[in-house]
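1. for reference, the sequence and a predicted model appear below.
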Amino acid sequence: MSSSVPALRPRRLDRALDRVEQIGNRLPDPLVLFAALFLLTAVLTTVLGALGAQVQVPGQDEPTTVQPFFSSAGLTWFTTTLGENYIGFPPLVNVLPIVLAVGIAEGSGLLSAAIRALFGSAPRWLLPYVVALVGVNGNLMSDTSFVVIPPLAALVFAAAGRHPVAGLLGGFAAVGASFSTAMLPSPIDANFAGITTEVMGVLPASLGAEPVSVVSNYWINIASCLVLVLACGALIDRVLEPRLERAGIPRTMGTGEAPDTGAGTAPAEGTGAVSTDLGAQEKRALRWAGVALLALVAAIVAIAVAPISPWRNEDGGLLPTSPFMGSIVFLIVMVFSVTGIVYGAVAGTIRGGADVAAQMGQGLRSMTSFLVVAFALAQFLALFEWSGVGTYLAVHGATWLERAQLGGLPVVVAFVVLCALANLFITSGTSMWGLMAVVFVPMLAFSGLEPAFVQAAFRIGDSSTQIITPLSPYLIVLLGMLRRYEPGAGLGTLVARLLPFTIVFFTVWVAVLLVFYGLDLPIGPANDIHLD
């Protein structure tokens, strides 16, 4: 049964964000919204196609022509790929296996017990910053962090007597609004560096541009992460959670949601610490789950480092791409399912295969609304890519910025703003950097800026607006999670609550960039800002 706290008097910020929420929630249901966007894009591509719209992407031999949907080719594409567009939708490929495995870990009681044990001595005030630290470095798990971190953050907050929705939304904001950076080199660094290096082939050697590697943005990444963690933790603690309390948002899931069978009783509001009341059987089950985790990690490491490992690429490495990097979802599934089964077997919450199947089914049922919306969203994004209209808009935006003839720092800031706007429509960072790099790396190199610095500037725009665009499939996943607490929540609800994170992250991240630029600090172990 849902419970809520009394609503308090709204503040000025609340009123402004409430207005954003009201406007946003006037939009149709996400299923209808994406169906409408599909039809609108179909008409737009047809008009542009009839006008012969095309754009020359630098580095490509042939121009990219906008393909009209209402044509023989367009209708044939749609009718023959309808199922493939849906079943092959990348978020489904990542989300569903993880949800099945997390269902085991949650249903067995492992997640609740582990969180109470791990955060038992952590003061309540520190939890927002812990969530921020984990989320800001979440891209080490690639896109799976969008699915794993927010619900775990909600459990952490609930166990500490804090608002679970604050953990849920704060965890998502930390992951998404900083997705292009982390304190450790990640697959994203390798992907960006590969694209930048390829584009640098058109630069004359006389410019003396420094090579770009996985660690070329390392110093600025560390500085950015530290600032973003502090900003995110403060926003969760001082803005998001108080606003939820003032609005009287329920702290518990609505009727019909299955409880965590192994969950303990969360402490009352104001107790100040996470409950550590674990029974002897729970402690024993946790120890065996820990042993299983260590054994699993040891096996994974042994296979990965073996010279004849099947997970290595053709060059014998693991980065930037390899079967190992392609197995991240499998590895996460193994971790959650194996440890969950071991815990459940020892704790008595799993007595046979039927219990495992029931827990997996419960996890999948929580994603039903997303599965419905994903059908329309998958078709829309597939049309956006097939038609080439996304490339057309991005390249024309870059051309306009180039013609503005700004120069130096103003063009860098304008470039970041352009990337932030483009990120509302092209949610794949690798794809967008592939488009932006071919234009701006040479353009800004001739203005005296190192390609590695241009890459660092791109990261800001690529991340900060990612959490407020309805075109992000993971925002729809988050909406499904939020509706377990607030059945009436809509896209406007999410945008209003996440907008402060976008604004603050963008502002402080640009400030970090400007500090490095103004002091001419190295942005990586062997990379400066200005060309020699």
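-> Received the coordinates, thanks. Because the structure is a prediction, the values reported are computed rather than measured.

2. ok, F157 touching H163?
-> Yes - counting by Cβ atoms under 8 Å, F157 touches H163, with 6.1 Å between them. Any C-beta I mention is one placed from the backbone N, CA and C, and that applies to glycine too.

3. what about the two, which has more around it?
-> F157 (29 against 26; other Cβ atoms under 10 Å).

4. wait, what's in contact with S369?
-> Contacts for S369 were tallied using Cβ atoms under 8 Å, 6 or more residues apart in numbering; they are 479-480, 483.

5. buried ones in the longest helix out of those in the chain?
-> Counting residues, the longest helix found in the chain (DSSP state H) is helix 491-519. Neighbour-count burial for helix 491-519 flags 491-502, 504-506, 508-510, 512-513, 516-517 (criterion: 16 or more other Cβ atoms under 10 Å).

6. wait, isn't V342 in contact with A289?
-> Yes - using Cβ under 8 Å, V342 is in contact with A289, at 5.0 Å.

7. looking at the protein, which helix or strand is least sure?
-> Sorting the helices and strands of the chain by mean pLDDT, DSSP states H and E puts helix 12-25 at the bottom, at a mean of 66.

8. quick one, helices of the stretch 51-200 of the chain?
-> Secondary structure of the stretch 51-200 of the chain, counting by DSSP state H, counting those that start in this stretch: helices at 72-87, 90-107, 110-118, 127-136, 145-159, 164-176, 187-199.

9. find the residue at the geometric middle of this structure.
-> Centroid-nearest residue in the chain: G176, 3.7 Å away (criterion: Cα atoms, centre = their mean).

10. list the contacts for that residue?
-> 146, 463, 466-467, 472, 474.

11. distance of it from S472?
-> 7 Å (Cβ to Cβ, to the nearest Å).

12. what's the answer for A414, then?
-> 24 Å.

13. between these two, which has more neighbouring residues?
-> S472 (20 against 14).

14. now do the same for the more buried one: its pLDDT.
-> Looking at S472, its pLDDT is 83.

15. go on, I308?
-> Per the predicted model, pLDDT is 88 at I308.

16. that one: neighbouring residues, count only.
-> Considering only other Cβ under 10 Å, I308 is surrounded by 7 other residues.

17. okay, and it sits in which element?
-> For I308, there is no host helix or strand (DSSP states H and E).

18. quick one: contacts for it?
-> Contacts of I308 (Cβ under 8 Å, 6+ apart): none.

19. now do it against V215, distance only.
-> 28 Å.

20. do E385 as well
-> E385 is 31 Å from V215, by Cβ to Cβ.

21. over to R351?
-> 49 Å.

22. ok, the two, which is more surrounded?
-> Neighbour totals were compared for R351 and V215, and V215 leads with 17 against 10 (other Cβ under 10 Å).

23. which ones are touching the more buried one?
-> 185, 189, 524-525.

24. buried ones among those residues?
-> Counted by 16+ other Cβ under 10 Å, the contacts of V215 give 185, 189, 524 as buried.

25. let's have the residues you listed in a markdown table, adding pLDDT.
-> A markdown table is the format used below for the buried ones among the contacts of V215 (pLDDT from 0 to 100):
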| residue | pLDDT |
| --- | --- |
| P185 | 76 |
| D189 | 80 |
| G524 | 88 |
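
26. list just the nearest of the residues you listed to G326.
-> Nearest to G326 among the buried ones among the contacts of V215 is D189, at 17.2 Å by Cβ to Cβ.

27. leaving out the residues flanking it, which one is nearest to that closest one?
-> Nearest non-adjacent residue to D189, counting by Cβ to Cβ, 6 or more residues apart in numbering: V214, 4.6 Å away.

28. my guess is the one you found contacts G194. True?
-> No - counting by Cβ under 8 Å, V214 stays clear of G194, with 9.2 Å between them.

29. how close does A489 sit to P204?
-> Taken as Cβ to Cβ, the span from A489 to P204 is 54 Å.

30. for A166, that is, sorry about that
-> 52 Å.

31. neighbour count winner among those two?
-> Taking other Cβ under 10 Å, A166 and P204 do not tie; A166 has more neighbours (29 against 10).

32. can you tell me how far that one is from V338?
-> 31 Å.

33. cool, L228 as well?
-> Applying Cβ to Cβ, the value for L228 to V338 is 33 Å.
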